[in-house]
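Engineer: when you get a sec, could you give me coordinates for this:
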Amino acid sequence: MTYKSLADHCGISSKMASLYEKFPDDYQPTETTVDKISSALAFPKDFFYQDSIEELEFETVAFRSLKTLRAAQKNAATGAGRIGILLNDYFERKFNLPHSNIPDYGGFPPEEVALLIRAEWNLGDKSISNLINLLEAYGVRVFSLSENAQEVDAFSFWKGGIPFVFLNTKKTPERSRFDCAHELGHLLMHRYSENKGNDIEKEADRFASAFLMPESSIRVNVPRFITANEIIKVKSRWRVSAMALTYRLKALDHLTEWQYRNLIIELSKMGYRSNEPIGIEREKSTLLENLLTELSKNRVYIVDIARELRLPVDEISSLLFKFSVVSSSSATIKKTQNTASFSKPQLYIV
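Structural biologist: Prediction:
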């Protein structure tokens, strides 16, 4: 919301709305105005009286598709990031979560980093079945993006030595998976980089492509002369989009320029330019699911978490891959995605 929009909802001037936010010690709204602000923003009134939420500097965040983002979209995304930090702090107080094991490969070529981290994590050249679970096992906190930040593909940052990744779940599962690998590239290669331009975005793309589709696996499983239908058939091996696999084949000189162009044209006609007609199941966070399952055993649900953090239930649910609950007295957690059980009070990912 802009200051003007908020001011119109609350019957105050946009200047006062700005002063309330920027200088809370000097300019404090009346109780009636706070009620109106709470109603306009759909946030609990108590939220505005708690200690300030830790800042997340824009310069520390690696955004996917940075050039296309407006300031309001960046602010919405970093706002989601700050709430994600609050949620992680809450879970850290309740559970022993995996420690970060994300090496610093700054300065290395992206393709070499892909090989190094695969060796570090004993992945060989095999396909990765669930990338979110893999990142969580090595200490990355992965959240979904809220509705008001859906123009953002993905972003990542480090906070207090903990790596965070936020993913847009409105994209195709293949696109979201590639975005996740892209953000891993940023965490591995650009932790201390001051350059936030197009160059590091290209490096993260190169890493994601090489990490998800190892060259040795491509050479063995993809014939030199391949049709669009065969691309669609074999792409499921690496759980990537048809276009991503085609780009990777071209980068490895596995296709001629003529083959590449014709495949792109044919795949586009088949609907694979912006969609994935024959796609994979969407990945989800097993870690977050397990945390909520464990909490539910003690009759703690998302509404209870929201109450403790003084946040809207929908705001929290949207960051937790749309896990939702009817009420704090519910016997089970209702989810919009398939679930798996887990039963350890001290939670670790193995």
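
Engineer: can we go C-alpha only for contacts and neighbour counts from here?
Structural biologist: Will do.

Engineer: just the helices in the stretch 101-250 of the chain please.
Structural biologist: Counting by DSSP state H, counting those that start in this stretch, one finds helices in the stretch 101-250 of the chain at the ranges 110-120, 131-137, 173-189, 198-212, 215-221, 228-234, 242-251.

Engineer: mean neighbour count, these: which tops it?
Structural biologist: Most buried of those, by mean neighbour count (mean count of other CA atoms under 10 Å): helix 173-189, with a mean of 24.

Engineer: now do that one: which elements does it pack against?
Structural biologist: Counting contacts by 3 or more CA pairs under 8 Å, 6 or more residues apart in numbering; DSSP states H and E, helix 173-189 packs against helix 110-120, helix 131-137, strand 154-159, strand 162-167, helix 198-212.

Engineer: between these, which one is nearest to Pro98?
Structural biologist: helix 131-137 (6.3 Å; CA to CA).

Engineer: return the distance of that closest one from the chain's centre.
Structural biologist: 12 Å (CA atoms, centre = their mean, to the nearest Å).

Engineer: cool, stretch 222-239 as well?
Structural biologist: 27 Å.

Engineer: pLDDT value on Leu295, please?
Structural biologist: As predicted, Leu295 sits at a pLDDT of 94.

Engineer: which SS class is it?
Structural biologist: At Leu295 the chain is in helix, as set by DSSP: H, G, I helix; E, B strand; the rest coil.

Engineer: is it true that it touches Tyr301?
Structural biologist: Yes. If you go by CA atoms under 8 Å, Leu295 and Tyr301 touch, sitting 6.7 Å apart.

Engineer: who has more neighbours, these two?
Structural biologist: The neighbour comparison of Leu295 against Tyr301 (other CA atoms under 10 Å) goes to Tyr301, with 25 against 19.

Engineer: can you give me phi and psi for that one?
Structural biologist: The phi and psi values for Tyr301, taken as degrees, to the nearest 10, are phi -120, psi 180.

Engineer: look up how far Arg93 lies from it.
Structural biologist: 16 Å (CA to CA, to the nearest Å).

Engineer: which parts of this protein are strands?
Structural biologist: Taking DSSP state E as the test, the strands found in the chain are 62-63, 141-144, 154-159, 162-167, 323-324, 334-335.

Engineer: low-confidence stretches in this structure?
Structural biologist: Counting by pLDDT under 70, the chain contains low-confidence residues at 58, 64-68, 146-150, 195-197, 323-350.

Engineer: so what touches the longest helix along it?
Structural biologist: If you go by DSSP state H, the chain has its longest helix at helix 71-94. Helix 71-94 is contacted from outside by 53-58, 97, 141, 143, 145-146, 148-149, 151-152, 166, 291, 309, 316, 319, using CA atoms under 8 Å, 6 or more residues apart in numbering.

Engineer: cool, stretch 246-264 as well?
Structural biologist: Stretch 246-264 is contacted from outside by 209-210, 213, 215, 218, 224-225, 227-228, 231, 243, using CA under 8 Å, 6+ apart.

Engineer: adding distance to Lys284, write these out as a markdown table.
Structural biologist: Converted to a markdown table, those look like this (distance: CA to CA, whole Å):
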| residue | distance to Lys284 |
| --- | --- |
| Ser209 | 20 |
| Ala210 | 22 |
| Met213 | 20 |
| Glu215 | 27 |
| Ile218 | 26 |
| Arg224 | 34 |
| Phe225 | 35 |
| Thr227 | 32 |
| Ala228 | 29 |
| Ile231 | 25 |
| Met243 | 23 |
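
Engineer: compare the strands of the chain and give me the one nearest Leu287.
Structural biologist: Between Leu287 and these, the tightest spacing by CA to CA is seen for strand 141-144, at 8.9 Å.

Engineer: the closest one pairs with which strands?
Structural biologist: strand 162-167 (parallel) (DSSP bridges).

Engineer: okay, angle between the strand it pairs with and helix 71-94 too, please.
Structural biologist: When axes from the mean of the first three to the mean of the last three CA atoms, to 10 degrees is applied, the directions of strand 162-167 and helix 71-94 differ by 130 degrees.

Engineer: Pro163: what's its closest spatial neighbour, skipping adjacent residues?
Structural biologist: Spatial nearest neighbour of Pro163, chain neighbours left out: Val140 (5.1 Å); criterion: CA to CA, 6 or more residues apart in numbering.

Engineer: report the contact partners of that neighbour.
Structural biologist: By CA under 8 Å, 6+ apart, Val140 lies in contact with 100, 162-165.

Engineer: give me the neighbour count for Glu54.
Structural biologist: With other CA under 10 Å as criterion, Glu54 counts 10.

Engineer: residue contacts, it?
Structural biologist: With CA under 8 Å, 6+ apart, Glu54 has these contacts: Arg82.

Engineer: where's it relative to Ser100, distance?
Structural biologist: When Glu54 is compared with Ser100 (using CA to CA), they lie 21 Å apart.

Engineer: how about Asn221?
Structural biologist: Distance from Asn221 to Ser100, counting by CA to CA: 33 Å.

Engineer: could you do Ser193 as well?
Structural biologist: Ser193 is 19 Å from Ser100, by CA to CA.

Engineer: more neighbours: those two, which one.
Structural biologist: Ser100 (16 against 12).

Engineer: many thanks, have a good one.
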